[in-house]
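Peer 1: Please work out how this folds:
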Amino acid sequence: MADNIKAGVQLSTTGSPYAVDTLVVTPDDIDLSRSPLAGQLGVETYVLGAFNPGMTRLPNGNLILFVRVAEALKTPIFDGHVHAIRWDDSGRYVLDAWPLELANTADPRKFLLNGGGWKVMALTSLSWILPVELTPDGLHRVAMHYDKVIAPQNSLQCYGVEDPRVSKVGDRWLMTTCSVSPERHSTTLYSSDNGLDWTFEDIVLDHQNKDMLIFEGIVGGEYWAQTRPLGDLYFAYPPGSEWRAGPSINLATSRDGLYWKPYRKPGIRPHSGTVATARIGGGTPPILTEDGWLSLWHGVEPKEIVGIYRTYFSIMDKDDPSHVIRTRHIPLLEANPELTRPIEHQMYIRDVVFTTGIADGGDHYVVASGEADLACRITHIPKSVFTDEGAQIA
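Peer 2: Alright, predicted model coming up:
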């Protein structure tokens, strides 16, 4: 049964250009006694973050967040080892111990294992997905659906299920997730007939292809998606090009939503005119507007270990999404320290907003983001922001 939440969420607009901008889920809102890991590890865990939520609207009109809960070891280092949580084939969760002298633990979210000719890492947490139902405006919690949790269920997910993105295509809901394991870091697909009960379908993209976002509609008789393959090698654009080499937001098409073919034309690329998008990736599933497909995505400016994450937008042609018809370098959203001030003691990274969901709210869009890899943020952004005024033609 779901838990009814009667308390509302107090808005905090200080430091935001938008009238409605608030946190709706924080780590303290998660009940770990109802976690899929509860009672299995024999050590204390805590919520490292409740963040990066997929979002959709349910048949009853309410919004629902699919919150990534990163459950971490309270003390990952003990007995001369650093430990990671893993789901094993018995259907239970276990601890793996790595000698501390083999590990680089500078990043609180993960540790790198030394040796070999490539990067090998393990996580200090394991992620599972909690559906959190909200009122239609996204500002008040209605229910925490612990009975609908999405958690690892096979070996390709043994280190967790991360970063859900939800699209409604026709009468069907589709959710992409990142499934993490030593086998592969893959994109997996779930489907639903009601937006609440989900069925695991299969792997849809293989190793190190993140931020897959399925368009909320059919283009030319096919499903479309944004993807972002990762790598350590990129070829340079010619001198003087308007584009910067590096990770980009690519496109793929499918006849059934399960088997995908990369699209031959490029999608959204990092622009040479700004260092703030030295690295980019998808954010919200593209939705169809009067002007074209609206995509909210993240750009990263290099800084220290993590970088500065901001949200930007592009509008793509409704018949050819490879053609960007409007975008701008000014960020749509930035991290807001005033929102996280009440949970300052839980902060472990800064300068990060990662937008992950969008829904129509009438004269505005309800936009869901992860704030500081810690909490879920809801912002009402007027539709007028996305018009020609102040935007530049790509």
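
Peer 1: thought V204 was touching S191?
Peer 2: No: applying C-beta atoms under 8 Å as the test, V204 and S191 come out as separate, 11.1 Å apart. C-beta coordinates here come from the backbone N, C-alpha and C atoms, glycine included.

Peer 1: So which of these two has more stuff around it?
Peer 2: Comparing V204 with S191 by other C-beta atoms under 10 Å, the one with more neighbours is V204, at 22 against 16.

Peer 1: mind checking pLDDT for that one?
Peer 2: You'll see V204 listed with a pLDDT of 97.

Peer 1: Now it. Its backbone dihedrals?
Peer 2: phi -120, psi -30 (degrees, to the nearest 10).

Peer 1: for it, what are its contacts?
Peer 2: V204 makes contact with T176, T187, T188, L189, M212, L258, Y259, W260 under the criterion C-beta atoms under 8 Å, 6 or more residues apart in numbering.

Peer 1: D373 now?
Peer 2: Shown in contact with D373 (C-beta under 8 Å, 6+ apart): L48, G49, F51, N52, A70, R109, Y348, I349, V352, F354.

Peer 1: mind redoing it with 10 Å?
Peer 2: Applying C-beta atoms under 10 Å, 6 or more residues apart in numbering, one finds that D373 lies in contact with 48-52, 68, 70, 108-109, 306, 309, 347-350, 352-354.

Peer 1: do S167 as well
Peer 2: S167 makes contacts with 54, 56, 173-176, 213-217, 223, 225, 257, 284-287, 357, as judged by C-beta under 10 Å, 6+ apart.

Peer 1: Am I right that P342 is in a strand?
Peer 2: No: going by DSSP: H, G, I helix; E, B strand; the rest coil, the assignment for P342 is helix, not a strand.

Peer 1: next helix or strand past the helix or strand that contains L213?
Peer 2: Per DSSP states H and E: L213 is located in strand 209-214. Downstream of strand 209-214, the first helix or strand assigned by DSSP H and E is strand 223-229.

Peer 1: avg pLDDT for that following strand?
Peer 2: The predicted model assigns strand 223-229 a mean pLDDT of 96.

Peer 1: now the angle from that strand to strand 209-214?
Peer 2: For strand 223-229 against strand 209-214, the angle by axes from the mean of the first three to the mean of the last three C-alpha atoms, to 10 degrees is 160 degrees.

Peer 1: for strand 223-229, which positions count as buried?
Peer 2: Applying a neighbour-count criterion of 16 or more other C-beta atoms under 10 Å, one finds Y223, W224, A225, Q226, T227, R228 buried in strand 223-229.

Peer 1: State whether the fifth one and I249 are indeed in contact, as I suppose.
Peer 2: So the one you mean is T227. Yes: between T227 and I249 there is a contact under C-beta atoms under 10 Å: 7.5 Å.

Peer 1: shared neighbours of these two, which are they?
Peer 2: Here T227 and I249 have D211, L213, G267, G281, G282 as joint contacts, going by C-beta under 10 Å, 6+ apart.

Peer 1: Enumerate every residue touching the second one.
Peer 2: It stands for L213. Counted by C-beta under 10 Å, 6+ apart, L213 has contacts 54, 165-167, 176, 224-228, 249, 281-286, 295-297, 356.

Peer 1: again with the first one
Peer 2: By C-beta under 10 Å, 6+ apart, D211 lies in contact with 163, 165, 176, 178, 187, 226-230, 247, 249, 280-283, 297-298, 354, 356.

Peer 1: got it, and the fourth one?
Peer 2: With C-beta under 10 Å, 6+ apart as the criterion, the residues that contact G281 are 210-211, 213, 226-228, 230, 247-249, 268, 297-300, 309, 354.

Peer 1: go on, the third one?
Peer 2: Contacts for G267 (C-beta under 10 Å, 6+ apart) come out as 224-228, 248-252, 282, 295, 297, 314, 316, 321-324.

Peer 1: Just the residues you listed: which are in strands?
Peer 2: Among these, DSSP state E puts 224-228, 250-252, 282, 295, 297, 314, 316, 324 in strands.

Peer 1: ok, these vs A143, which is closest?
Peer 2: Nearest to A143 among the ones in strands among the contacts of G267 is G282, at 28.3 Å by C-beta to C-beta.

Peer 1: Skipping adjacent residues, who's closest to the closest one in space?
Peer 2: Leaving aside its sequence neighbours, G282 sits nearest to D211 (C-beta to C-beta, 6 or more residues apart in numbering; 3.8 Å).

Peer 1: for D29, same thing?
Peer 2: Spatially, and ignoring its direct neighbours in sequence, D29 is nearest to A50 (6.7 Å; C-beta to C-beta, 6+ apart).

Peer 1: Please name the strands paired to the helix or strand containing that neighbour in the sheet, noting orientation.
Peer 2: Using DSSP H and E, A50 sits in strand 45-57. With DSSP bridges as the test, strand 45-57 is paired with strand 63-73 (antiparallel).

Peer 1: mean confidence for the helix or strand following the strand it pairs with?
Peer 2: As assigned by DSSP H and E, the chain's next helix or strand after strand 63-73 is strand 77-78. Strand 77-78 carries an average pLDDT of 92.

Peer 1: pLDDT on the helix or strand just after strand 77-78, on average?
Peer 2: Once strand 77-78 ends, the next helix or strand along the chain (criterion: DSSP H and E) is strand 81-87. Strand 81-87 shows an average pLDDT of 95 in the prediction.

Peer 1: quick revisit: quick one, which of the contacts of D211 are buried?
Peer 2: Among these, the ones that count as buried by 16+ other C-beta under 10 Å are 163, 165, 176, 178, 187, 226-228, 247, 249, 280-283, 297-298, 354, 356.

Peer 1: circling back: which of the residues in the strand holding A50 are buried?
Peer 2: Neighbour counts over strand 45-57 (16+ other C-beta under 10 Å) mark T45, V47, L48, G49, A50, F51, N52, P53, G54, M55, T56, R57 as buried.

Peer 1: same question, stretch 81-101
Peer 2: For stretch 81-101, the neighbour count (16+ other C-beta under 10 Å) marks H81, V82, H83, A84, I85, R86, W87, Y93, W98 as buried.
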